[in-house]
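Engineer: just to be clear, the model below is a prediction. Sequence and coordinates:
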Amino acid sequence: MFYNPLLRLNPFPRRDNDDLISSESHMFPSSSLNEHFFRGSQTPCRTVTGRASCSDKKTTNCIRITVIGLCGGWSTALRALPVTVSCPKLKDTAVVLEHVGTPSSITESNIVLFSFVADYMNMDVWRRLRKYRPSDQMWVFQTEESPYYAIGLLPPWIFRNDSYDISNTYRTNADIYSPYGNYEPFRNEEANQVNLPLVNLANKTRFMIWISSHCETLQWDRTAFVKDLQKVMKVDIFGKCGNNSLCKNKWEQSCAQKVDDFVQTYKFSLALENCCCEDYITEKLWHTLTIGVVPVVIGPHLNNYKKLVPPGSFIHIDQFESVENLKIYLEYLDQNDTAYLEYFQWKTKGTVHEHTIKEHYQNHLSDNIMCAIVDQYTERRLKKNTTGTASTHFEMFDPYGPEWKGTCYSCGENQWIKNYEYPPNHKRKSKRIWN
């Protein structure tokens, strides 16, 4: 199933008035970056003023990575900065990672990492950053969110083609690929070691579950969608979007195990992405597969799931012309053990790797990712040195182009799914995008 390119969405304003907004008093002051990224947050941004030290008797060179962003709780939850990064391939080079708060602080940096930027930076901030940017400095676009939720990383339109050098996202064609999970087919000898049974069918006494605390999404009304499903089939809702809760602190290991044990008693779990963008398949699906439940999905189109997800492991809602047809099929699987168990045959052919939510966020500042960014930086420098000219052309990453903003589509080809998408003039009840 392929989507009509005409269905490509453009929910993001072009920001032609960026030259004007820098004078507005409610926008971000230019003196400090990180203090103003998280407007409306109860936790203000923390500015790390200390620079990372590059003094190391064992190395002769230093690569400095500076993070722009890290607001609210992110400034302490992800990684304590400044820190020295361990890159084994770099024998004579130290790599340091730091977090700064003023545009002028980036002058000494080799790499600037734009990560966890919660809201637009205005034209004045962008101009100041560009003013202090050395010609050989590499800028990195980094996010695990979709284009709908990463608006803070968008530069003014006039800077779209010469801001970011590379990207580190969930997109399969990113310069540095950071998926929420992945499927790895077995080698022949591994397939012979699969332990049966593939799932404990006797434990599955419940029908369908949806767990969500992000109720008012930006592209489509998934809460209304689930409420309508409840009118025709049994769906239990947990989290802020329902009336039930499983534990108080979702970050505690005991809580995670409690939730997994409970979800495993269901045959189906709704894995509904907050928006429908290419390759944006999150822990909602990967964790459901890991714990042995069949995910029922809305997100990217069907062929995108087939490319990334274990074959025959999921049910894509857009495969059904009506909610009644979906109901009939799910009830058939509920009553037919043989047909239901077919959705676990993928376990005899491969395995799934997933990050927990916390691991996925922390991965962005991990040594592995930092070293991958440094590899990109050193490769570009080597090519420039080889050609003997600083004008060696490298294609820049355009966040407004077809490889980023252009990857979001209608959530379905069937009209009954399209009916849940918000119109362009939709006004949200909440001003905070994660409510």
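Structural biologist: It's in. Residues are numbered from 1 along each chain as shown.
Engineer: for the strand of greatest length in the chain, the averaged confidence score.
Structural biologist: Secondary structure of the chain per DSSP state E: the longest strand is strand 61-69. When pLDDT is averaged over strand 61-69, the result is 89.
Engineer: quick check: neighbours of it in the sheet, parallel or antiparallel?
Structural biologist: Here strand 61-69 is paired, per DSSP bridges, with strand 93-99 (parallel), strand 111-115 (parallel).
Engineer: and the contacts of the shortest one?
Structural biologist: For strand 111-115, the external contacting residues (CB atoms under 8 Å, 6 or more residues apart in numbering) are 63-70, 106, 129, 133, 137-143, 153, 164, 364-365, 373-374, 377. C-beta coordinates here come from the backbone N, C-alpha and C atoms, glycine included.
Engineer: which element follows that strand toward the C-terminus?
Structural biologist: helix 123-131 (DSSP states H and E).
Engineer: can you show me the CA trace of the very next helix or strand once past that next one as PDB?
Structural biologist: Remark: after helix 123-131, the chain's next helix or strand is strand 138-142, criterion DSSP H and E. Extracted as PDB, the C-alpha positions of strand 138-142 are listed here (Å, rounded to 0.1, in the frame of the first residue of the first chain):
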ATOM      1  CA  MET A 138      30.000  21.100  12.300                       C
ATOM      2  CA  TRP A 139      26.400  21.500  13.400                       C
ATOM      3  CA  VAL A 140      24.300  18.400  14.200                       C
ATOM      4  CA  PHE A 141      20.500  18.100  14.100                       C
ATOM      5  CA  GLN A 142      19.600  15.500  16.800                       C
END
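Engineer: V352 bridge partners, please.
Structural biologist: Bridge pairing for V352 - DSSP bridges - gives Y183.
Engineer: measure N414 to K307 for me?
Structural biologist: Distance of N414 to K307, computed by CB to CB, to the nearest Å: 21 Å.
Engineer: looking at those two, which has the bigger crowd around it?
Structural biologist: More crowded of N414 and K307, by other CB atoms under 10 Å: N414, with 17 against 13.
Engineer: most centrally placed residue in this structure?
Structural biologist: Centroid-nearest residue in the chain, with CA atoms, centre = their mean: E144, separated by 2.4 Å.
Engineer: can you tell me how far it sits from H360?
Structural biologist: Per CB to CB, E144 is found 6 Å from H360.
Engineer: before we move on, back to that, test my guess that the residue nearest to the centre of the chain contacts H364.
Structural biologist: Yes: using CB atoms under 8 Å, E144 makes contact with H364 at a distance of 6.7 Å.
Engineer: shared neighbours, those two?
Structural biologist: By CB under 8 Å, 6+ apart, E144 and H364 have these common neighbours: S178.
Engineer: to what extent is T348 buried, counted in neighbours?
Structural biologist: Neighbours of T348 (other CB under 10 Å): 12.
Engineer: how about N336?
Structural biologist: 11.
Engineer: if we can go back for a sec, overlap in contacts of E144 and H360?
Structural biologist: Residues touching both E144 and H360 (CB under 8 Å, 6+ apart): 178, 180.
Engineer: could you pull out the strands for the stretch 151-300 of the chain?
Structural biologist: Per DSSP state E, counting those that start in this stretch, the stretch 151-300 of the chain carries strands over the ranges 166-169, 176-177, 181-185, 206-211, 236-238, 266-272, 294-298.
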